[in-house]
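Engineer: Pasted the sequence and its predicted model underneath.
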Amino acid sequence: MTHKEKALSLFSQGFHCSQAVLGAFAEELGLTEEQALSISGCFGGGMRNGEVCGACTGALMALGLKYRFFTAGDNESKEKNNAVGKEFLDSFKDANGSYLCRELLGYDFSDPVQQAAAREIGITKEFCPKMVASAVEIAEKLINENR
C-alpha cells in the first residue's frame, strides 16, 4: 500500500486529516501507528480552529521525524528542519492556494455554526481527501530527497 493509499484509508475510517497523514508514514519514521494517531489527534480541522490544515500538520510532524532537530546548539539540523518545513508549506500553498483550513474549506471551524454547516454539506468528506493526498505527495517527495 502506498503512503497516499494508507492515508486515504485512515481518513475514510474516520481519522482526522492530521492523523491520516502522519499515520501513513509512522512506522518507517520510528512510530507505531497507535503513537502516530495519538500524537496527531488534536490537529484536525486546523487544530479545531480553522488554522493550519491538519493534513499539513501531519506532514510537518512526519518531516520533523525525518529531518530531526533535537539537540540544543545543532544549528545545522535546525536550519535543515526549518528549510524543509518552509518548503513543504510553500509547495502545499502553491498546489492548493493556501495551507489554512478555513481558507481551503471556505468555512471556519472555530465557529460552531460554520462547522455544522460544513459538516451538513459533507465538505470534509468530499474536499479533505484531496488535501490529504496533496500533503502526502509533497511530504513523500521531501522525505525521499537526500538532504
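Structural biologist: Now that the structure is in, tell me what you want to look at.
Engineer: Check which helices and strands the helix or strand harbouring Lys86 sits against.
Structural biologist: Using DSSP states H and E, Lys86 falls within helix 75-96. Packed against helix 75-96 by the contact rule (3 or more Cβ pairs under 8 Å, 6 or more residues apart in numbering; DSSP states H and E) you find helix 54-66, helix 128-144. Quick note: C-beta positions are derived from backbone N, CA and C, even for glycine.
Engineer: Give me the buried positions along the last one.
Structural biologist: In this case it means helix 128-144. Judged by neighbour count using 16 or more other Cβ atoms under 10 Å, the buried positions of helix 128-144 are 128-129, 131-140, 142-143.
Engineer: Can you list the low-confidence ranges for this protein?
Structural biologist: Applying pLDDT under 70 to the chain flags the ranges 146-147.
Engineer: which residue is nearest the centroid of it?
Structural biologist: Residue closest to the mean C-alpha point of the chain, counted by Cα atoms, centre = their mean, is Ala55 at 2.5 Å.
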